[in-house]
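Visitor: Here you go, sequence then predicted model.
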Amino acid sequence: MSENNANNLAIKVVNLEKSVKTQEGELTILKGIDLEVKQGDSVAIVGPSGSGKSSLLGLLAALDSPTKGEVYLDGQGLSDLNEEQKAAIRKQKVSFIFQSFMLVDTLTALENVMLPAELAGIPNARSKALSMLEKVGLSHRLNHLPKQLSGGEQQRVAIARAFISKPKVLFADEPTGNLDQENGDKIEQMLFELNKQSQTTLVVVTHDLALAEQCRRQLKMEDGHLSEITPAAERIA
Ligand SMILES: Nc1ncnc2c1ncn2[C@@H]1O[C@H](COP(=O)(O)OP(=O)(O)OP(=O)(O)O)[C@@H](O)[C@H]1O
């Protein structure tokens, strides 16, 4: 598959496989996965626990390497890159949101949001962080540490942090998993507003079917196989 073919896609995956060695022998976690995701699209990955969803996310985000096959991120094939180059691609092109928020405990809300922009050498990190925190309704919590914020507020900081570097792709692993219904709904709304505003591609792993249905496409992982479950009429963008 030529790189050109993958150029106008945020993600292209060709015949991806991942096996790991276990005490019982080799275990194939992901099997023959093909996927194309257009820039700006939103995709949910649902499926039972242990089916391979988080493992796939790790490969798509260049955090792990496949046993076979290729991942193209924004047109760039990942298999020929060394670890340093992969880290650079991650810094430039992807962001993450996790169920457990993963904020730096010792940094304030503002400092947490500024951090990736500073690491990526983006100018005016402070004013951009202030603007992102305003967008997620946290201008009154700038100097609070994570432990001084509610779960919903912490996840809003994580969202502001994830969008500040204008990533091509935002990977969210159970982003509403630790939140009550009301906060979960707010987080969902923010994710989709920012997805539309910034044309950031959204890939969400979730058990929350309401969140999955808000994504334009729904994919199902079952025992390492990925299949499309988006109703046919909605697949054409
Ligand atoms: N490094 C590893 N070594 C051994 N087994 C692994 C490794 N990584 C993942 N697995 C196994 O691969 C399978 C898929 O794991 P994965 O975390 O991707 O599933 P998941 O669908 O994200 O599950 P959950 O919804 O519970 O988070 C599981 O059976 C897991 O135990």
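Guide: Yep, it's here. Residues are numbered from 1 along each chain as shown.

Visitor: how near is the residue nearest to residue 35 when sequence neighbours are not counted to residue 200?
Guide: Nearest residue to residue 35, sequence neighbours excluded (CB to CB, 6 or more residues apart in numbering): residue 13, at 4.1 Å. Where C-beta positions appear, they are placed from N, C-alpha and C, glycine not excepted. Per CB to CB, to the nearest Å, residue 13 is found 19 Å from residue 200.

Visitor: The most centrally placed residue in the chain: helix or strand, and which one exactly?
Guide: Using CA atoms, centre = their mean, the residue of the chain that lies closest to the mean C-alpha position is residue 171, 0.4 Å off. Assigned by DSSP states H and E, residue 171 belongs to strand 169-173.

Visitor: That strand packs against which elements?
Guide: If you count contacts as 3 or more CB pairs under 8 Å, 6 or more residues apart in numbering; DSSP states H and E, strand 169-173 packs onto helix 53-60, strand 94-98, helix 151-164, helix 181-198, strand 201-205.

Visitor: and the chain, which residues reach the ligand?
Guide: For the chain, the contact set with the ligand under CB under 6 Å from any ligand atom comprises 20, 22, 27, 29, 47, 49-55, 221.

Visitor: Dump those into CSV; add neighbour count as well.
Guide: CSV is the format used below for the residues of the chain next to the ligand (neighbours: other CB atoms under 10 Å):
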residue, neighbour count
20, 11
22, 8
27, 12
29, 18
47, 22
49, 7
50, 12
51, 20
52, 23
53, 23
54, 16
55, 18
221, 22
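
Visitor: For residue 110, state which of the residues you listed is nearest.
Guide: residue 54 (29.8 Å; CB to CB).

Visitor: so who does that closest one touch?
Guide: 173, 205 (CB atoms under 8 Å, 6 or more residues apart in numbering).

Visitor: Determine the number of other residues adjacent to residue 164.
Guide: By other CB atoms under 10 Å, the residues close to residue 164 number 24.

Visitor: what does residue 107 give?
Guide: 15.

Visitor: Residue 84 too?
Guide: With other CB under 10 Å as criterion, residue 84 counts 8.

Visitor: how near is it to residue 91?
Guide: Residue 84 sits 11 Å away from residue 91, going by CB to CB.

Visitor: on that earlier part again, output the residues of the chain next to the ligand in CSV; the columns should cover pLDDT.
Guide: Shown next, in CSV, are those (pLDDT from 0 to 100):
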residue, pLDDT
20, 96
22, 93
27, 95
29, 97
47, 95
49, 94
50, 94
51, 96
52, 96
53, 95
54, 93
55, 95
221, 97
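
Visitor: Present the residues you listed as TSV; the columns should include distance to residue 208.
Guide: Converted to TSV, the residues of the chain next to the ligand look like this (distance: CB to CB, whole Å):
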residue	distance to residue 208
20	27
22	30
27	27
29	23
47	13
49	14
50	18
51	16
52	18
53	13
54	15
55	20
221	15
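
Visitor: Out of these, which comes closest to residue 130?
Guide: Distances from residue 130 to those, taken by CB to CB, are shortest for residue 54, at 32.7 Å.

Visitor: Tell me what residue 77 is bridged to.
Guide: Residue 77 forms beta bridges with residue 72, as assigned by DSSP bridges.

Visitor: Which strands border the strand holding residue 171, and is each parallel or antiparallel?
Guide: According to DSSP bridges, strand 169-173 has these partners: strand 94-98 (parallel), strand 201-205 (parallel).

Visitor: Identify all contacting residues around the last one.
Guide: If I follow you right, that is strand 201-205. By CB under 8 Å, 6+ apart, strand 201-205 touches 10-11, 37-46, 53-54, 57, 60, 168-175, 191-192, 195, 211-212, 215.

Visitor: quick one: average confidence on it?
Guide: Strand 201-205 shows a mean pLDDT of 96.
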